[in-house]
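# below are the sequence and a predicted model for it; my questions follow.
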Amino acid sequence: MRLLIVEDERRLALSLAKGLRAEGFAVDVVHDGREGLHRAQEGTYDLVVLDIMLPGLNGYRVCAALRAAGSEVPILMLTAKDGEYDEAEGLDTGADDYLTKPFSYVVLVARVRALLRRRGSGASPVVRVGALTVDRGARRVERDGRAVALTAKEYSVLEQLATRAGDVVSKPEILEHVWDFAYDGDPNIVEVYVSALRRKLGAGLIETVRGAGYRLRA
């Protein structure tokens with residue numbers, strides 16, 4: 001899952017990004033409303049964490065512009081303001097949820113996961129591919145009924161393949177959704193994680209399609 005944080009308090013933004021990356025999310029961070037709107041319109045994000053008090057363009061206007069353009073990406077608004085009016089205004093512009101600073105990081109993660117589950121509520125959170133089971137809600141993986149321990153990045157790579165089982169998923173697509181926008185390391189890092197998954201899940205489960213990407217055998 002790929003998240004965008006639009007927050008001008010740099011220390012808070014970087015702290016949130018670090019924590020969410022540890023949870024297995026790919027996270028991009030911008031500190032300006034106009035840049036946040038541009039990034040949200042141009043990128044492929046599963047959720048936007050949006051501050052209200054932003055330079056350039058405030059969060060209300062960013063949210064309203066996204067909804068006016070037809071974007072349905074879940075938006076979690078953050079603000080130091082409080083009161084029913086502020087919350088109502090945020091929700092009226094199209095935000096999906098609202099969190100007032102200071103807030104608990106645990107609560108933020110719970111809200112993020114709840115919004116992502118709500119977005120995918122039309123599909124089962126459990127993906128089954130042969131003997132493999134991926135529980136997206138619990139972030140748990142089983143093979144032949146036995147739990148398989150995966151790192152956060154291993155799980156995220158597998159989730160991308162499992163949700164598109166039978167289809168070829170390219171290396172750039174995996175990088176885009178599992179690593180963040182600023183990642184400029186070796187793209188072959190994907191191969192490292194695919195190899196780790198093969199060791200843990202079985203060599204024949206993930207197929208390399210030369211020149212195209214990887215496919216989880218359906």
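That came through, no problem.

# can you get me a residue count around the residue lying closest to Ala149 once chain neighbours are set aside?
Sequence neighbours aside, Lys200 is the residue nearest to Ala149 in space, at 7.8 Å (criterion: CB to CB, 6 or more residues apart in numbering). Using the backbone N, CA and C atoms, a C-beta is placed for each residue, glycine as well. Lys200 has 16 neighbours, counted by other CB atoms under 10 Å.

# and Lys200, how close does it get to Val127?
17 Å (CB to CB, to the nearest Å).

# check Val107 too.
For Val107, the distance to Val127 (CB to CB) stands at 27 Å.

# among those two, which residue is more densely surrounded?
Counted by other CB under 10 Å, Val107 and Val127 do not tie: Val127 has more neighbours, with 20 against 10.

# average pLDDT across stretch 108-122?
Per-residue pLDDT over stretch 108-122 has a mean of 79.

# how about residues contacting it?
1, 3, 16, 19-20, 23, 25, 46-47, 49, 74, 76, 96-97, 99, 125, 136-137 (CB atoms under 8 Å, 6 or more residues apart in numbering).

# and stretch 3-21, by the same measure?
Residues contacting stretch 3-21 (CB under 8 Å, 6+ apart): 25-33, 35-36, 39-40, 43, 45-51, 53-55, 59, 62, 78, 105, 108-109, 112, 180.

# buried residues in it?
Using 16 or more other CB atoms under 10 Å as the test for burial, stretch 3-21 gives 3-8, 13, 16-17, 20-21.

# can I get that stretch as PDB, trimmed to CA atoms?
The C-alpha coordinates for stretch 3-21 follow below in PDB (Å, rounded to 0.1, in the frame of the first residue of the first chain):
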ATOM      1  CA  LEU A   3       0.500   6.500   1.200                       C
ATOM      2  CA  LEU A   4       1.100  10.200   0.700                       C
ATOM      3  CA  ILE A   5       1.700  12.500   3.800                       C
ATOM      4  CA  VAL A   6       1.100  16.200   3.200                       C
ATOM      5  CA  GLU A   7       2.300  17.900   6.400                       C
ATOM      6  CA  ASP A   8       4.300  21.100   6.900                       C
ATOM      7  CA  GLU A   9       5.600  20.100  10.300                       C
ATOM      8  CA  ARG A  10       8.700  18.400   9.000                       C
ATOM      9  CA  ARG A  11       9.600  16.500  12.200                       C
ATOM     10  CA  LEU A  12       6.100  15.100  12.600                       C
ATOM     11  CA  ALA A  13       5.900  14.200   8.900                       C
ATOM     12  CA  LEU A  14       9.200  12.400   8.900                       C
ATOM     13  CA  SER A  15       8.300  10.600  12.200                       C
ATOM     14  CA  LEU A  16       5.000   9.400  10.800                       C
ATOM     15  CA  ALA A  17       6.700   8.300   7.600                       C
ATOM     16  CA  LYS A  18       9.300   6.300   9.500                       C
ATOM     17  CA  GLY A  19       6.700   4.600  11.600                       C
ATOM     18  CA  LEU A  20       4.400   3.800   8.700                       C
ATOM     19  CA  ARG A  21       7.300   2.400   6.600                       C
END
